[in-house]
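Asks: can't give you the sequence, but here's the structure:
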(Lines give C-alpha, C1' and ligand atoms only; values in the text may rest on other atoms or scores of the structure.)
Protein backbone atom coordinates (compact mmCIF):
# COMPACT_ATOMS: atom_id res chain seq x y z
CA UNK A 1 0.00 0.00 0.00
CA UNK A 2 1.84 4.10 -0.04
CA UNK A 3 3.61 2.88 0.39
CA UNK A 4 2.23 -0.68 0.29
CA UNK A 5 1.32 -3.75 2.08
CA UNK A 6 -1.63 -3.05 4.20
CA UNK A 7 -2.88 -1.50 1.77
CA UNK A 8 0.72 -0.10 2.37
CA UNK A 9 4.37 -0.92 2.15
CA UNK A 10 7.87 0.15 1.83
CA UNK A 11 10.41 -2.47 2.65
CA UNK A 12 10.48 -6.17 2.01
CA UNK A 13 11.62 -8.79 4.48
CA UNK A 14 15.16 -9.91 3.80
CA UNK A 15 15.34 -12.53 6.51
CA UNK A 16 13.06 -15.51 6.98
CA UNK A 17 12.92 -14.83 10.72
CA UNK A 18 11.49 -11.38 10.01
CA UNK A 19 8.94 -12.85 7.65
CA UNK A 20 7.95 -15.38 10.31
CA UNK A 21 7.56 -12.59 12.84
CA UNK A 22 5.20 -10.73 10.55
CA UNK A 23 3.13 -13.84 9.91
CA UNK A 24 2.78 -14.38 13.65
CA UNK A 25 2.36 -10.68 14.42
CA UNK A 26 1.45 -8.89 11.18
CA UNK A 27 0.94 -5.57 12.94
CA UNK A 28 4.66 -5.34 13.60
CA UNK A 29 5.62 -4.56 10.00
CA UNK A 30 7.31 -1.13 10.31
CA UNK A 31 6.08 0.14 6.94
CA UNK A 32 2.78 -1.69 6.76
CA UNK A 33 4.33 -4.20 4.37
CA UNK A 34 2.22 -7.12 5.53
CA UNK A 35 3.00 -10.23 3.55
CA UNK A 36 -0.37 -11.83 4.37
CA UNK A 37 -2.55 -8.76 4.87
CA UNK A 38 -5.70 -10.02 3.17
CA UNK A 39 -5.82 -13.18 5.24
CA UNK A 40 -6.73 -11.11 8.30
CA UNK A 41 -8.46 -8.17 6.61
CA UNK A 42 -10.19 -9.61 3.52
CA UNK A 43 -11.53 -7.26 0.81
CA UNK A 44 -15.13 -7.92 1.87
CA UNK A 45 -14.56 -5.94 5.07
CA UNK A 46 -14.58 -2.78 2.93
CA UNK A 47 -16.59 -3.84 -0.10
CA UNK A 48 -19.61 -4.69 2.05
CA UNK A 49 -19.89 -0.97 2.83
CA UNK A 50 -19.37 0.36 -0.70
CA UNK A 51 -22.30 0.31 -3.18
CA UNK A 52 -21.56 -1.54 -6.40
CA UNK A 53 -23.08 1.40 -8.30
CA UNK A 54 -20.55 3.86 -6.86
CA UNK A 55 -18.92 4.85 -10.16
CA UNK A 56 -22.29 5.29 -11.81
CA UNK A 57 -23.55 7.30 -8.84
CA UNK A 58 -20.55 9.60 -9.25
CA UNK A 59 -21.38 10.07 -12.92
CA UNK A 60 -18.51 8.04 -14.34
CA UNK A 61 -20.24 5.16 -16.04
CA UNK A 62 -22.00 6.49 -19.10
CA UNK A 63 -19.98 4.31 -21.44
CA UNK A 64 -18.62 7.33 -23.30
CA UNK A 65 -15.55 8.16 -21.24
CA UNK A 66 -12.49 6.50 -19.80
CA UNK A 67 -12.67 6.18 -16.02
CA UNK A 68 -9.44 5.88 -14.03
CA UNK A 69 -9.19 4.45 -10.53
CA UNK A 70 -6.02 4.66 -8.41
CA UNK A 71 -5.32 2.27 -5.54
CA UNK A 72 -2.66 3.66 -3.19
CA UNK A 73 -0.66 0.98 -1.41
CA UNK A 74 -2.24 -1.96 -3.18
CA UNK A 75 -0.20 -4.65 -1.42
CA UNK A 76 -0.62 -7.94 -3.31
CA UNK A 77 -3.56 -6.57 -5.32
CA UNK A 78 -6.35 -8.64 -3.80
CA UNK A 79 -8.49 -5.64 -2.91
CA UNK A 80 -7.69 -3.88 -6.18
CA UNK A 81 -9.08 -6.79 -8.18
CA UNK A 82 -12.04 -7.34 -5.86
CA UNK A 83 -12.87 -3.62 -5.92
CA UNK A 84 -12.77 -3.55 -9.72
CA UNK A 85 -15.04 -6.60 -10.00
CA UNK A 86 -17.36 -5.12 -7.37
CA UNK A 87 -17.83 -1.90 -9.33
CA UNK A 88 -17.58 -3.19 -12.89
CA UNK A 89 -19.72 -6.15 -13.85
CA UNK A 90 -18.52 -8.52 -16.56
CA UNK A 91 -21.57 -8.02 -18.76
CA UNK A 92 -21.37 -4.24 -18.83
CA UNK A 93 -20.55 -2.91 -22.33
CA UNK A 94 -18.24 -0.14 -21.04
CA UNK A 95 -16.14 -2.53 -18.96
CA UNK A 96 -12.98 -1.83 -20.93
CA UNK A 97 -13.30 1.91 -20.34
CA UNK A 98 -12.61 1.52 -16.60
CA UNK A 99 -8.92 1.17 -15.76
CA UNK A 100 -7.41 0.66 -12.33
CA UNK A 101 -3.79 1.37 -11.42
CA UNK A 102 -2.48 -0.05 -8.16
CA UNK A 103 0.91 0.77 -6.69
CA UNK A 104 2.95 -0.26 -3.71
CA UNK A 105 6.45 0.41 -2.47
CA UNK A 106 7.12 -3.28 -1.96
CA UNK A 107 8.42 -4.78 -5.21
CA UNK A 108 7.81 -8.36 -4.03
CA UNK A 109 4.15 -7.63 -3.35
CA UNK A 110 3.81 -5.93 -6.73
CA UNK A 111 5.33 -8.95 -8.45
CA UNK A 112 2.73 -11.11 -6.73
CA UNK A 113 -0.03 -8.73 -7.79
CA UNK A 114 1.16 -8.79 -11.40
CA UNK A 115 1.43 -12.56 -11.49
CA UNK A 116 -2.06 -13.07 -10.04
CA UNK A 117 -3.78 -10.31 -12.02
CA UNK A 118 -6.83 -11.81 -13.78
CA UNK A 119 -7.61 -8.60 -15.74
CA UNK A 120 -4.32 -7.31 -17.17
CA UNK A 121 -6.09 -5.29 -19.87
CA UNK A 122 -7.97 -3.31 -17.22
CA UNK A 123 -5.82 -3.47 -14.09
CA UNK A 124 -2.14 -2.55 -13.83
CA UNK A 125 0.31 -2.71 -10.94
CA UNK A 126 3.55 -0.79 -10.50
CA UNK A 127 6.14 -0.33 -7.77
CA UNK A 128 6.15 3.28 -6.57
CA UNK A 129 6.92 5.41 -3.51
CA UNK A 130 4.48 8.29 -3.68
CA UNK A 131 6.47 10.29 -1.15
CA UNK A 132 9.26 10.59 -3.71
CA UNK A 133 7.84 10.04 -7.20
CA UNK A 134 4.58 11.22 -8.72
CA UNK A 135 5.84 11.57 -12.29
CA UNK A 136 4.79 8.04 -13.19
CA UNK A 137 1.26 8.74 -12.03
CA UNK A 138 1.16 11.81 -14.23
CA UNK A 139 2.50 9.75 -17.12
CA UNK A 140 -0.34 7.27 -16.61
CA UNK A 141 -2.89 10.08 -16.65
CA UNK A 142 -1.36 11.53 -19.80
CA UNK A 143 -1.42 8.13 -21.44
CA UNK A 144 -5.18 7.96 -20.95
CA UNK A 145 -5.83 11.59 -21.77
CA UNK A 146 -7.06 12.50 -18.28
CA UNK A 147 -6.04 15.32 -15.98
CA UNK A 148 -6.94 13.45 -12.78
CA UNK A 149 -7.92 10.04 -11.51
CA UNK A 150 -11.67 9.90 -11.24
CA UNK A 151 -11.50 7.90 -8.00
CA UNK A 152 -8.54 7.38 -5.69
CA UNK A 153 -8.52 4.75 -2.94
CA UNK A 154 -6.32 5.46 0.07
CA UNK A 155 -7.18 2.67 2.47
CA UNK A 156 -5.17 2.06 5.66
CA UNK A 157 -2.18 3.93 4.29
CA UNK A 158 -2.10 7.20 6.20
CA UNK A 159 -0.74 5.81 9.49
CA UNK A 160 2.36 4.31 7.90
CA UNK A 161 3.23 7.48 6.04
CA UNK A 162 2.55 9.44 9.22
CA UNK A 163 4.76 7.24 11.43
CA UNK A 164 7.63 7.16 8.98
CA UNK A 165 7.49 10.71 7.60
CA UNK A 166 5.88 12.71 10.39
CA UNK A 167 3.05 15.25 10.36
CA UNK A 168 4.45 16.98 7.30
CA UNK A 169 4.59 13.67 5.43
CA UNK A 170 0.96 12.89 6.20
CA UNK A 171 -0.28 16.29 5.07
CA UNK A 172 1.88 16.11 1.95
CA UNK A 173 0.40 12.73 1.06
CA UNK A 174 -3.15 14.05 1.41
CA UNK A 175 -2.32 17.14 -0.65
CA UNK A 176 -0.73 15.08 -3.42
CA UNK A 177 -3.65 12.69 -3.64
CA UNK A 178 -6.12 15.57 -3.67
CA UNK A 179 -4.21 17.25 -6.49
CA UNK A 180 -4.52 14.22 -8.79
CA UNK A 181 -8.02 13.01 -7.82
CA UNK A 182 -11.56 14.06 -8.55
CA UNK A 183 -12.89 11.81 -5.78
CA UNK A 184 -10.91 10.37 -2.86
CA UNK A 185 -12.06 7.41 -0.75
CA UNK A 186 -10.11 7.61 2.49
CA UNK A 187 -9.71 5.13 5.33
CA UNK A 188 -7.45 6.58 8.03
CA UNK A 189 -6.33 4.39 10.91
CA UNK A 190 -7.45 5.66 14.33
CA UNK A 191 -4.89 6.62 16.98
CA UNK A 192 -5.24 3.33 18.84
CA UNK A 193 -3.70 1.64 15.80
CA UNK A 194 -0.64 3.88 16.14
CA UNK A 195 -0.13 2.77 19.72
CA UNK A 196 -0.56 -0.87 18.77
CA UNK A 197 1.92 -0.61 15.90
CA UNK A 198 4.52 1.02 18.15
CA UNK A 199 3.96 -1.53 20.92
CA UNK A 200 4.35 -4.47 18.55
CA UNK A 201 7.52 -3.03 17.12
CA UNK A 202 9.02 -2.67 20.59
CA UNK A 203 7.90 -6.17 21.49
CA UNK A 204 10.08 -7.52 18.69
CA UNK A 205 13.03 -5.48 19.91
CA UNK A 206 13.09 -3.19 16.88
CA UNK A 207 13.76 0.53 16.81
CA UNK A 208 10.74 2.70 17.48
CA UNK A 209 9.14 4.74 14.71
CA UNK A 210 11.19 7.89 14.22
CA UNK A 211 8.26 10.27 14.55
CA UNK A 212 5.85 8.48 16.89
CA UNK A 213 6.68 10.46 20.04
CA UNK A 214 6.81 13.84 18.31
CA UNK A 215 3.63 13.69 16.24
CA UNK A 216 1.33 16.62 16.90
CA UNK A 217 -1.52 15.27 14.77
CA UNK A 218 -3.13 12.83 17.18
CA UNK A 219 -6.53 11.70 18.38
CA UNK A 220 -9.13 11.59 15.61
CA UNK A 221 -6.78 11.33 12.64
CA UNK A 222 -9.65 11.00 10.17
CA UNK A 223 -11.02 14.34 11.37
CA UNK A 224 -7.59 15.96 11.02
CA UNK A 225 -7.41 14.58 7.48
CA UNK A 226 -10.88 15.93 6.67
CA UNK A 227 -9.96 19.38 7.95
CA UNK A 228 -6.79 19.47 5.84
CA UNK A 229 -8.54 18.26 2.69
CA UNK A 230 -11.36 20.77 3.04
CA UNK A 231 -9.33 23.78 4.19
CA UNK A 232 -6.23 23.39 2.07
CA UNK A 233 -6.92 21.02 -0.81
CA UNK A 234 -10.18 22.18 -2.34
CA UNK A 235 -12.08 19.02 -1.45
CA UNK A 236 -15.26 18.41 0.53
CA UNK A 237 -16.62 15.39 2.37
CA UNK A 238 -19.72 14.20 0.53
CA UNK A 239 -20.42 10.81 2.09
CA UNK A 240 -19.46 8.42 4.86
CA UNK A 241 -19.97 4.74 4.18
CA UNK A 242 -19.80 3.90 7.87
CA UNK A 243 -17.05 2.03 9.68
CA UNK A 244 -15.36 -1.24 8.87
CA UNK A 245 -15.19 -4.19 11.24
CA UNK A 246 -11.91 -2.66 12.42
CA UNK A 247 -13.73 0.55 13.39
CA UNK A 248 -12.26 2.65 10.58
CA UNK A 249 -14.40 5.19 8.74
CA UNK A 250 -14.69 5.10 4.97
CA UNK A 251 -14.97 8.74 3.88
CA UNK A 252 -15.62 9.93 0.32
CA UNK A 253 -14.34 13.36 -0.71
CA UNK A 254 -15.00 15.28 -3.91
CA UNK A 255 -13.08 18.09 -5.55
CA UNK A 256 -15.07 21.31 -5.32
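Replies: All right, it came through fine. Since this is a predicted model, take the numbers as computed values, not measurements.

Asks: ok, then the element right after the worst-scoring helix or strand of the chain on mean pLDDT?
Replies: In the chain, no helix or strand scores lower on mean pLDDT, DSSP states H and E than helix 16-24, which sits at a mean of 41. Downstream of helix 16-24, the first helix or strand assigned by DSSP states H and E is helix 37-40.

Asks: Could you give the average pLDDT over the helix or strand following that next one?
Replies: Proceeding N to C from helix 37-40, the next assigned helix or strand is helix 44-47, under DSSP H and E. Per-residue pLDDT over helix 44-47 has a mean of 95.

Asks: and for helix 44-47, what are the contacting residues?
Replies: With contacts defined as CB atoms under 8 Å, 6 or more residues apart in numbering, helix 44-47 is touched by 79, 82, 83, 86, 155, 187, 244, 245, 246, 250. Using the backbone N, CA and C atoms, a C-beta is placed for each residue, glycine as well.

Asks: Just the strands from the stretch 101-250 of the chain, written as ranges.
Replies: Per DSSP state E, counting those that start in this stretch, the stretch 101-250 of the chain carries strands over the ranges 123-127, 151-155, 183-187, 235-243, 249-255.

Asks: what helices or strands is the last one leaning on?
Replies: Translated: strand 249-255. strand 183-187, helix 221-232, strand 235-243 (3 or more CB pairs under 8 Å, 6 or more residues apart in numbering; DSSP states H and E).

Asks: now the angle between helix 221-232 and the last one, please.
Replies: Going back to what we said before, that points to strand 235-243. Interaxial angle, strand 235-243 versus helix 221-232 (axes from the mean of the first three to the mean of the last three CA atoms, to 10 degrees): 160 degrees.

Asks: you'd agree residue 118 is up against residue 82?
Replies: No - applying CB atoms under 8 Å as the test, residue 118 and residue 82 come out as separate, 10.6 Å apart.

Asks: Looking at those two, which one has more neighbours?
Replies: residue 82 (16 against 10; other CB atoms under 10 Å).

Asks: how close does that one sit to residue 153?
Replies: Applying CB to CB, to the nearest Å, the value for residue 82 to residue 153 is 11 Å.

Asks: cool, and residue 145?
Replies: Applying CB to CB, the value for residue 145 to residue 153 is 21 Å.

Asks: And the two? Which one has more around it.
Replies: Higher neighbour count among residue 145 and residue 153: residue 153, with 29 against 9, using other CB under 10 Å.

Asks: Which strand residues bridge the more buried one?
Replies: On the basis of DSSP bridges, residue 153 takes part in beta bridges with residue 71, residue 185.

Asks: Show me what the longest helix along the chain is packed against.
Replies: Across the chain, the longest stretch assigned as helix under DSSP state H is helix 158-179. Using 3+ CB pairs under 8 Å, 6+ apart as the contact definition, the elements that helix 158-179 packs against are strand 151-155, strand 183-187, helix 191-203, helix 221-232.

Asks: Cool, thanks, signing off.
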